[in-house]
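Student: Dropping the sequence and predicted coords here.
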Amino acid sequence: MNKDNNKNRIRILMTSDVHGKVFPHSYADGSIKEYGFARLYSTIKKLRDDNTILIDNGDVLEGSPLQLYHMMTDLKDRDPSPVSRVMKAINYDYINLGNHDFNFGPEVLFRHIETSGALCITQNITYQGRSILRCNDLQMETPEDWRKEKCAEGGLDKTYVIKEIAGKRIAIFGLLTHYVKHWESEEHLEGFEFFDALESAKENVARIKANGEADFIVCVYHGGFEIDPETGQPIGKDTGENQGYKILSEIPEIDVFLTGHQHKLIVNTNDGRVFVQPGANGEHIACVDIYPYDLKDGDAINQKCHMEAELIKIETEADEGILDLVRDEEEACQIWLDQIIGETRLDLRVHDEFDARLNKSQLITYINSVQLKYSKADISAVALFQGATGIGPDITIRQIVSTYVFPDNIVVKRINGKILKEYLEQTVAFWDVERRGDTERIIVNPKYEIPTPQYFNYDLLDGVEYTAKVSNPIGERITSLTMGGSPVQEDTELTIAINHYRAAGGGDFFMLSDAETVWVDSTTMIDILVKEIKSIGIIDFKPINNISIEI
């Protein structure tokens, strides 16, 4: 890519899905990582000039122990988060919201937007009926003022921003996958309304064109592609979560399409248009350079400019100024993480993730037992998250947050035996059989690994016993389902404890989202585990092997 300082060149830099990473190290083992805002900033300083627009595409508030420490202590109620302060120092021009930015509720979200100092451009959501983008124009003193008073002056009349660079006008607007309402707890979404991203994009682009305000249109979408834009092949089930292909193909007026959410590395230029996605955790930054041509009325869209796009791997050293901004909180976080809160007489560490899922690690048994105790449900289900370390023999908070990596809370649903079997059939679709000559072995279904790993969509249950025959067709794999040794009948009534993501149908488990909700708790599972281990001191139980996955 040409890194010149051409005064007519327009540069767009975009980060996405950094997930709370500031310091370039692993919190599990301290190893050095080439990611995070501190390293990103060192690269941004090299690339940014007066003709540059810097955008973040969401999912910044969740995903690191540093952010979690902030959210689990009294810091949450009085101070902006570390990431919010860091983004202010980096001086982003615009931010779009991601689904995980709603994980801690409106108060935290609004404080983040205010602190970041950037204009929030998410166009297809409203709060209490008012456009978030419109509210950016109003002076905010506190998030509470914004919500209760100042937004009342707004409306839905402003849905994009215009940035003028090198004599050209760039229209910019943001979209969030409206599927967030299927994942997040109702408490955290209170007051928000989400609109279809594709339809919102069409309406917005039509408005921009009608107003005649823009030479270029940039759409920032916290969502991905439902169809591979290069092969034209579907990527999983089209649920509406990702609408990138439809947006790209049905709205040719969009010149630059900045995407995220799927954590993929995508860079493509064709027909005078660019679409990119820079992966996750701040390992890459997207850089789009636009070299405009002089325009005359009637010129075709692909004659407006020359574009170059690149995903730049972050290999620069961390910026010490950024690290210093949050170093005190980081040091307090490290002390918090290393607290020994108990011990275990069983080996609850994860030595092999595949084996831990296939043969059900007793770590899963323990987490399910805590959920059952806390919720008083009949059955409990939990997934083994990617990269989970497990716990013990001396248990620290670091091990807990490196094992249960999401700020989930527990929901109890009322189901029957028929729904339970439907649920189990979907979860065991995670497995497949690989045949090579005369040998067969169980493998992970490729659909759960490509284009991005979905290990969080394989649940393991306690409270029932079941056998799955993986060589059977999907939907016909559960060959035995009992509870306490007795067969579970279709009309058997049960309660099940699951996380709020699954309860909302996350992973397309709609049989659970449609079921009656009988109990919801706002306490995070991490907090529950920490308190439980502190209270009992020693984990010791008889192993339970209630799941059999067979060829």
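Tutor: Received, thanks. Residues are numbered from 1 along each chain as shown.
Student: Can you check what pLDDT the model gives the residue most central in space within the chain?
Tutor: Among the residues of the chain, the one closest to the centroid is H100, at 4.9 Å (CA atoms, centre = their mean). Residue-level confidence at H100 comes out at 94, pLDDT.
Student: For E107, see how far away it is.
Tutor: 16 Å (CB to CB, to the nearest Å). Quick note: C-beta positions are derived from backbone N, CA and C, even for glycine.
Student: can you check R349 too?
Tutor: Distance from R349 to E107, by CB to CB: 37 Å.
Student: and if you look at L494?
Tutor: For L494, the distance to E107 - CB to CB - is 36 Å.
Student: Compare neighbour counts for those two and give me the winner.
Tutor: When L494 and E107 are compared on other CB atoms under 10 Å, the one with more neighbours turns out to be L494, at 18 against 14.
Student: surely that one meets K418?
Tutor: No. Applying CB atoms under 8 Å, one finds L494 not in contact with K418, separated by 10.6 Å.
Student: lowest-confidence helix or strand of the protein?
Tutor: The weakest-scoring helix or strand in the chain, judged by mean pLDDT, DSSP states H and E, is helix 143-148 (a mean of 44).
Student: tell me which strands and helices the helix or strand just after it is in contact with?
Tutor: Later in the chain than helix 143-148, the nearest helix or strand by DSSP states H and E is strand 161-165. Identification of packing neighbours for strand 161-165 by 3 or more CB pairs under 8 Å, 6 or more residues apart in numbering; DSSP states H and E yields strand 168-176.
Student: Does the strand it packs on pack against any helices or strands, and if so which?
Tutor: Looks like strand 168-176 contacts strand 52-56, strand 94-95, strand 161-165, helix 197-211, strand 216-222 (3+ CB pairs under 8 Å, 6+ apart).
Student: Partner strands of the last one, with direction?
Tutor: The sheet places strand 216-222 alongside strand 168-176 (parallel), strand 256-259 (parallel), with pairing taken from DSSP bridges.
Student: So which bits of the first one are buried?
Tutor: Of the residues in strand 168-176, 168, 170-176 count as buried by neighbour count, 16 or more other CB atoms under 10 Å.
Student: for those residues, which one is nearest G232?
Tutor: L175 (22.5 Å; CB to CB).
Student: Wasn't K373 part of a helix?
Tutor: Yes. Read with DSSP: H, G, I helix; E, B strand; the rest coil, K373 is one of the residues of a helix.
Student: what's the neighbour count on the residue lying closest to it once chain neighbours are set aside?
Tutor: With sequence-adjacent residues excluded and distances taken as CB to CB, 6 or more residues apart in numbering, K373 is closest to E532, at 7.4 Å. For E532, the tally of surrounding residues (other CB under 10 Å) stands at 19.
Student: E532 is in what secondary structure piece?
Tutor: helix 525-536.
Student: can you map out the strands along the stretch 251-400 of the chain?
Tutor: Counting by DSSP state E, counting those that start in this stretch, the stretch 251-400 of the chain has strands at residues 256-259, 265-270, 273-278, 284-292, 305-313, 340-344, 348-349, 379-383, 390-391, 394-396.
Student: Out of those strands, point me to the one whose mean pLDDT is lowest.
Tutor: Among the strands of the stretch 251-400 of the chain, strand 265-270 scores lowest, with a mean of 90.
Student: Just name whatever secondary elements that strand is in contact with.
Tutor: strand 273-278, strand 305-313.
Student: let's see 10 Å
Tutor: On a contact count with 3 or more CB pairs under 10 Å, 6 or more residues apart in numbering; DSSP states H and E, strand 265-270 meets strand 256-259, strand 273-278, strand 284-292, strand 305-313.
Student: Much appreciated, bye for now.
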